[in-house]
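J.: sequence first, then the predicted structure:
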Amino acid sequence: MKKEEIKELSIPELRASIEAAEKAYRELKVTHAISPIDNPSKITKDRKEIARLKTVLRQKEIAEAASK
């Protein structure tokens with residue numbers, strides 16, 4: 001997901017995306033531990049994607065709190 005697409009999501013959508021991404025990341029780590037996956041850099045990409053989602057979520061939470 002691109003940065004622009006992430007910024008367009010609402011807070012509940014971001015939380016759902018984070019939950020789904022973390023679940024997929026955990027499953028990928030387990031799969032890689034059992035037998036090596038073809039593209040191990042996918043683990044790093046997934047971790048960075050989760051960090052991007054969490055960053056945007058936090059920015060939106062702060063902006064929402066400041067507007068109150």
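T.: Right, received. Where do you want to start?
J.: what lies in contact with the helix or strand of the chain at the bottom of the mean pLDDT ranking?
T.: Across the helices and strands of the chain, mean pLDDT, DSSP states H and E gives its lowest value to helix 3-8, namely a mean of 90. When contacts are defined by CB atoms under 8 Å, 6 or more residues apart in numbering, helix 3-8 is touched by residues 14, 17, 52, 53, 56. For the C-beta atoms, the positions are set from N, CA and C on the backbone; glycine is no exception.
J.: poorly predicted segments of this structure, please.
T.: For the chain, no stretch has pLDDT under 70.
J.: tell me where it has strands.
T.: For the chain, strands defined by DSSP state E do not occur.
J.: picking that back up, buried residues, the least confident helix or strand of the chain. List them.
T.: Under the neighbour-count criterion of 16 or more other CB atoms under 10 Å, helix 3-8 has residue 6 buried.
J.: next one: the longest helix along the chain to chain centre, how far?
T.: Longest helix in the chain by number of residues (criterion: DSSP state H): helix 41-67. How far helix 41-67 lies from its chain's middle: 7 Å, per CA atoms, centre = their mean, to the nearest Å.
J.: please name every helix or strand in contact with that helix.
T.: Here helix 41-67 touches helix 3-8, helix 11-34, going by 3 or more CB pairs under 8 Å, 6 or more residues apart in numbering; DSSP states H and E.
J.: distance to residue 60 added to those helices, as CSV?
T.: Formatted as CSV, the helices and strands packed on helix 41-67 follow (distance: least, CB to CB, whole Å):
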stretch, distance to residue 60
helix 3-8, 9
helix 11-34, 5
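J.: which stretch among those helices comes nearest residue 48?
T.: helix 11-34 (10.5 Å; CB to CB).
J.: helices or strands next to that closest one in the packing?
T.: Looks like helix 11-34 contacts helix 41-67 (3+ CB pairs under 8 Å, 6+ apart).
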